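Colleague: Only the shape, not the letters, is given here:
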């Protein structure tokens, strides 16, 4: 069965997940996280992609970004891979692939699902029982989005910016989104969209993408976005090997 083609559109957010090969670790020490963030920042600058949320877990990463054109996402991931993988292989005297052969991606309907997706991403360390609060995890976008700590990689999305007029009010409004939990259906929608390369959005969003691309997206409508916060992948992420 042929793979579903990836769909990237200019100015349309996309949720990406890249996992370590065989779910093994892709980060082994603090320097690795720092190196990845450095090269991710350079790749974003070079391609013009705007990063809204991310988390670097032991054996996978989540990115939520908006590209300026349909090729920018691929260029970003290629640039990042060409730098980070050789770095890890040299540092740990290893050979071969670091990542699974194909990263997962899902277009996100911004007005309905972007903030939901941000919460899903930033709660990964909580769901993995690594921390009890996303503010306690260093390698994610939550310290900036929820606390206002500087992170030059991040570009606030307009929906996030509209949460409040001032930065202090905005951070508080964003933290308030994390007081409730995502229900299982919302979590399932996000995971299904990623695993099958589907769209995360309603039927109108799907029709619009199909009209633009000329492709049949083949995804069931996501329905109405849920209000609650997340509960993702499980404690297996705490270990380098799954």
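Modeller: Here it is on my side, so go on. Note that this is a predicted model, so its numbers are computed, not measured.

Colleague: Grab the nearest non-local neighbour of residue 153.
Modeller: residue 41 (4.6 Å; C-beta to C-beta, 6 or more residues apart in numbering). For every residue, glycine as well, the C-beta is placed using N, CA and C.

Colleague: Wasn't that neighbour part of a helix?
Modeller: Yes - according to DSSP: H, G, I helix; E, B strand; the rest coil, residue 41 belongs to a helix.

Colleague: That one is in contact with residue 151, isn't it?
Modeller: No - contact criterion C-beta atoms under 8 Å: residue 41 and residue 151 do not qualify, at 9.4 Å.

Colleague: All the strands of this protein, residue numbers only.
Modeller: Assigned by DSSP state E, the chain shows strands spanning 14-19, 50-56, 60-66, 104-107.

Colleague: So for residue 157, which of the ones you listed sits nearest?
Modeller: With C-beta to C-beta, the closest approach to residue 157 among the strands of the chain belongs to strand 50-56: 4.7 Å.

Colleague: angle of that closest one against strand 60-66?
Modeller: Relative orientation of strand 50-56 and strand 60-66, computed by axes from the mean of the first three to the mean of the last three C-alpha atoms, to 10 degrees: 170 degrees.

Colleague: closest to residue 174 out of the strands of the chain?
Modeller: Comparing the strands of the chain by C-beta to C-beta, strand 50-56 comes nearest, at 10.7 Å.

Colleague: Low-confidence stretches in this structure?
Modeller: 1-4, 218-242 (pLDDT under 70).

Colleague: which residues touch the residue nearest the centre of the chain?
Modeller: For the chain, residue 63 is the residue whose C-alpha lies nearest the centre (C-alpha atoms, centre = their mean; 2.6 Å). Contact partners of residue 63, counting by C-beta atoms under 8 Å, 6 or more residues apart in numbering, are 15, 16, 17, 18, 40, 51, 53, 54.
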